[in-house]
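Visitor: What shape does this take:
(one chain, ligands or ions: 1)
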Amino acid sequence: MNIDSIKNGIVIDHIKAKKGLEIYNALNLGDLDCSVAIITNAKSKKMGKKDIIKIDKSIDLDLDILGYLDSNITINIIKNDERVDKYHVELPKEIVNTIKCKNPRCITAQETDLTHVFVLTDKDKKIYRCKYCETIKEE
Ligand SMILES: [Zn+2]
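Guide: Numbering: from 1, shown residues only. The predicted structure follows:
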């Protein structure tokens, strides 16, 4: 992969093709004052096609959101034109205040100031359940 355009920053790699913009929005990358590039449909030996996001700055990424959106993503940290670190994201154990429970009888539907929490109950099948009523999160 060509990382020449970044001196110090982050490359989010192996994003599922066409999902780059969703991740860009979820991480609020549009609010950054540095240059951010989304590359869509890049060729990938492993995946066929993939998206890549390059951020020309070292920032703290919300790894829980990334893991939740696409747990196959890899993060590359670039310093002085070199990759100094690379790691995978993981499915978060809990998703807090990102999705709402769809069960109309759930306590979160009545008490609107409650925190919405979904807990990972099956890592292999990626199943999350509402912490309060155990309703499975819809895809
Ligand atoms: Zn619920």
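Visitor: Alpha carbons of the helix or strand of the chain with the lowest mean pLDDT, as CSV, please.
Guide: One helix or strand of the chain scores below all others by mean pLDDT, DSSP states H and E: helix 63-69, with a mean of 89. Provided in CSV are the C-alpha atoms of helix 63-69 (Å, rounded to 0.1, in the frame of the first residue of the first chain):
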residue,chain,number,x,y,z
LEU,A,63,-11.8,1.8,18.5
ASP,A,64,-15.1,0.6,19.9
ILE,A,65,-17.0,2.3,17.1
LEU,A,66,-14.5,0.9,14.6
GLY,A,67,-14.7,-2.6,16.0
TYR,A,68,-18.5,-2.4,16.0
LEU,A,69,-18.8,-1.2,12.4
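Visitor: who's in contact with the next helix or strand after that helix?
Guide: Proceeding N to C from helix 63-69, the next assigned helix or strand is strand 74-79, under DSSP states H and E. The list of residues contacting strand 74-79 from outside it, by CB atoms under 8 Å, 6 or more residues apart in numbering, reads 3, 6-14, 58, 61, 63, 66, 83-89. C-beta: built from backbone N, CA, C; applies to glycine.
Visitor: which helices and strands sit right next to the least confident helix or strand of the chain?
Guide: helix 20-26 (3 or more CB pairs under 8 Å, 6 or more residues apart in numbering; DSSP states H and E).
Visitor: Pull out the buried residues from the helix it packs on.
Guide: Residues of helix 20-26 classed as buried by neighbour count (16 or more other CB atoms under 10 Å): Gly20, Ile23, Tyr24, Ala26.
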